[in-house]
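>>> Okay, sequence plus prediction incoming.
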Amino acid sequence: MMTTTGWATPEGLSINGQRAAEIIRDFLMDKDLANNAGGQFYSAKQWRDRGETYGTESLLVIVHDGDPSATVFNWDESPDGYALREELQSQLDPLGVYFEAGTNWYTTVHYQPFPRKRFDIDGDDHVFGAIAFDRPWNGWAVPIVDEDTVRAVVDRVNSVNDERMLTLSAEHGPVGKILTLTERDRLDNQVLALTELEPIDRHCYRLDLGWTFTERAAEDHPTAAPRVTELLTQLRDDVDYLLQRGTPGADTIDVPTFLWVAAWAIQSLRSARS
């Protein structure tokens with residue numbers, strides 16, 4: 001096995017960004033594909049500081065320009081590339097992240113665009129979908145969720161809490177929509193807490209609120225079938241759009257992600273029906 005010092009974990013990564021870097025580095029070293037000919041990790045901040053335009057909101061950037069690791073990240077590098085991609089993605093799945101090509105010399109890592117995990121608020125049986133989980137807070141879960149889930153959590157708390165009222169406002173920031181969560185006393189409308197949720201990785205938010213969230217088992221998700229149906233409908237509409245344009249190529253759609261989501265949706269629909 002080759003050894004390398006070129007795949008150091010950059011500073012400023014989230015916990016899942018760090019874990020992804022560790023998994024990818026170990027995978028490349030295990031496959032003898034990390035000799036640092038041109039391979040390196042970057043944080044999103046480091047990537048922005050370079051003046052790059054794309055991938056600046058990602059969890060992690062992987063540069064593989066002229067490096068043997070390009071075999072994994074570029075589809076056309078070798079016949080073994082597809083199998084290597086699938087194997088690496090299977091190791092990243094538990095984190096709730098995936099990787100996608102930027103160009104043929106760099107790749108970005110992102111949270112998956114749909115919930116695959118579950119959580120609840122301690123003492124309440126209502127279950128929410130989570131994309132991933134960050135480092136726990138005092139033993140409690142810290143979910144990574146989309147905006148719809150943030151709003152669902154707010155609505156749920158308001159429906160069961162007679163003493164406090166939550167409101168959510170939004171404004172566009174430099175890298176996405178910033179959500180402001182305001183907690184007020186229902187009796188005198190006094191502001192008890194004000195929390196800003198800044199977007200991470202495109203569309204996700206870290207619910208690091210000091211609340212007692214609990215991670216739930218992933219199986220038997222009550223909304224699996226409707227969510228899969230929604231994804232399949234979206235995929236069908238995307239295909240119709242491409243066919244109408246007459247340009248069903250990589251310039252109009254992220255083909256690897258499209259196929260990956262389609263495969264997941266079909267598999268999940270089968271599981272939901274079994």
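Great, that's in hand. Numbering: from 1, shown residues only.

>>> going forward, measure contacts between C-alpha atoms and count neighbours the same way
Noted.

>>> roughly how far apart are residue 103 and residue 85?
Note on residue 103: its distance to residue 85, by Cα to Cα, to the nearest Å, is 16 Å.

>>> Give me the more crowded residue out of the two.
Taking neighbours as other Cα atoms under 10 Å, residue 103 and residue 85 compare with residue 85 leading, 16 against 13.

>>> mind checking the SS state of that one?
Here residue 85 is recorded as helix under DSSP: H, G, I helix; E, B strand; the rest coil.

>>> Make sure it is actually in contact with residue 70.
No: between residue 85 and residue 70 there is no contact under Cα atoms under 8 Å: 10.5 Å.

>>> and residue 132, what are its bridge partners?
Residues in a beta bridge with residue 132, per DSSP bridges, are residue 144.

>>> any idea how far it lies from residue 93?
From residue 132 to residue 93 the distance is 10 Å (Cα to Cα).

>>> Check residue 10 too.
Residue 10 is 22 Å from residue 93, by Cα to Cα.

>>> same question, residue 198
Using Cα to Cα, residue 198 is found at 24 Å from residue 93.

>>> what's the answer for residue 182, then?
For residue 182, the distance to residue 93 - Cα to Cα - is 34 Å.

>>> And residue 132 and residue 93? Which one has more around it.
Between residue 132 and residue 93, counting by other Cα under 10 Å, residue 132 is the more crowded of the two (24 against 15).

>>> Would you check that the more buried one makes contact with residue 141?
No: applying Cα under 8 Å, one finds residue 132 not in contact with residue 141, separated by 10.1 Å.

>>> can you tell me which residues contact residue 205?
Going by Cα atoms under 8 Å, 6 or more residues apart in numbering, residue 205 touches 144-147, 150, 197-199.

>>> mind redoing it with 7 Å?
Residue 205 makes contact with 144-146, 197-199, according to Cα atoms under 7 Å, 6 or more residues apart in numbering.

>>> for residue 197, same thing?
So residue 197 contacts 178-180, 205 (Cα under 7 Å, 6+ apart).

>>> change it to 10 Å
When contacts are counted by Cα atoms under 10 Å, 6 or more residues apart in numbering, residue 197 touches 147, 150, 170, 177-181, 204-209.

>>> out of those, who has the most neighbours?
residue 204 (27 neighbours).

>>> Residue 207 versus the nearest residue to it once chain neighbours are set aside, what's the distance?
Nearest residue to residue 204 in three dimensions, chain neighbours excluded: residue 146, at 4.7 Å (Cα to Cα, 6 or more residues apart in numbering). Counting by Cα to Cα, the gap between residue 146 and residue 207 amounts to 10 Å.
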